[in-house]
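> Quick one, structure for this:
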Amino acid sequence: MKRASLSVRLLAFLVDLFFLACVSALLFMSGMAGVLVSAGGGRSWADLSTALQAFACILFIFKAFLFLFYFTYLTAGGENTIGKALFGIKVVTRKDGSALSLPRALARAFGYWISAVPLLLGFWMAFLTGGRAAHDFIAGTMVVKEE
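Numbering: from 1, shown residues only. Model prediction:
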């Protein structure tokens, strides 16, 4: 198993984030249209403000769920995210190179958030540890080129 380079990993992750941003933008626009349509008909600004606050909370929760679902479901069982498939890389267990179980994939997805806080330090540590970021250490994984 040959490890994937950091530049390929970064590009694959950026493709995945772009895809998630597009889905989030569609959700935002459709949700805002619903809020604005339901707020029509002479409702007050206070009603509109309350509806927007509720929408923002629901959108945040849904985006967090979408992120976890995307990175968990698409890396479990030997599958790939869109970005990883595009660049020919996959996530495997560090121990024996096998496909990720669902709990390990979920731990890795949560690990992305830990890698991002503070100041993306968990991602930067990949430069010092031979290509493994904090989320890889948390889940016991590594990213390799597909054979």
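
> contacts, neighbours, all on C-alpha from now
OK.

> burial of the residue lying closest to residue 36 once chain neighbours are set aside, as a residue count?
Distance criterion CA to CA, 6 or more residues apart in numbering; nearest residue to residue 36, sequence neighbours excluded, is residue 48 at 7.8 Å. Applying other CA atoms under 10 Å, we find 16 other residues in the vicinity of residue 48.

> just residue 131 next, same as before
Neighbour count for residue 131, taken as other CA under 10 Å: 18.

> show me what contacts it?
With contact taken as CA atoms under 8 Å, 6 or more residues apart in numbering, residue 131 is in contact with 3, 4, 5, 6.

> which residues in this protein form strands?
89-93, 141-145 (DSSP state E).

> Just say which of those strands is most tucked in.
Burial of the strands of the chain is given as mean neighbour count (mean count of other CA atoms under 10 Å); strand 89-93 ranks first at a mean of 24.

> Residue 144 bridge partners, please.
Judged by DSSP bridges, the bridge partners of residue 144 are residue 3, residue 90.

> Let me know whether it touches residue 9 as I believe.
No: the pair residue 144 and residue 9 fails to qualify as a contact (CA atoms under 8 Å) at a distance of 9.4 Å.

> hey, what's in contact with both of these two?
Counting by CA under 8 Å, 6+ apart, the residues touching both residue 144 and residue 9 are residue 89.

> From residue 29, how far out is the closest residue to residue 93 other than its chain neighbours?
Among residues not flanking residue 93 along the chain, residue 141 sits closest, at 4.3 Å (CA to CA, 6+ apart). Spatial separation of residue 141 from residue 29 under the definition CA to CA, to the nearest Å is 36 Å.

> OK, contacts around residue 125?
Shown in contact with residue 125 (CA under 8 Å, 6+ apart): 132, 133, 134.

> Please apply the same query to residue 81.
Applying CA under 8 Å, 6+ apart to residue 81 gives the contacts 16, 70, 71, 74, 75.

> Compare those residues and tell me which has the most neighbours.
When the contacts of residue 81 are compared by neighbour count (other CA under 10 Å), residue 75 ends up highest, at 25 neighbours.

> I'd guessed that residue sits against residue 100; true?
Yes: under the criterion of CA under 8 Å, residue 75 lies in contact with residue 100, with a separation of 6.8 Å.

> Overlap in contacts, the two.
Contact criterion CA under 8 Å, 6+ apart; residues shared by residue 75 and residue 100: residue 91.
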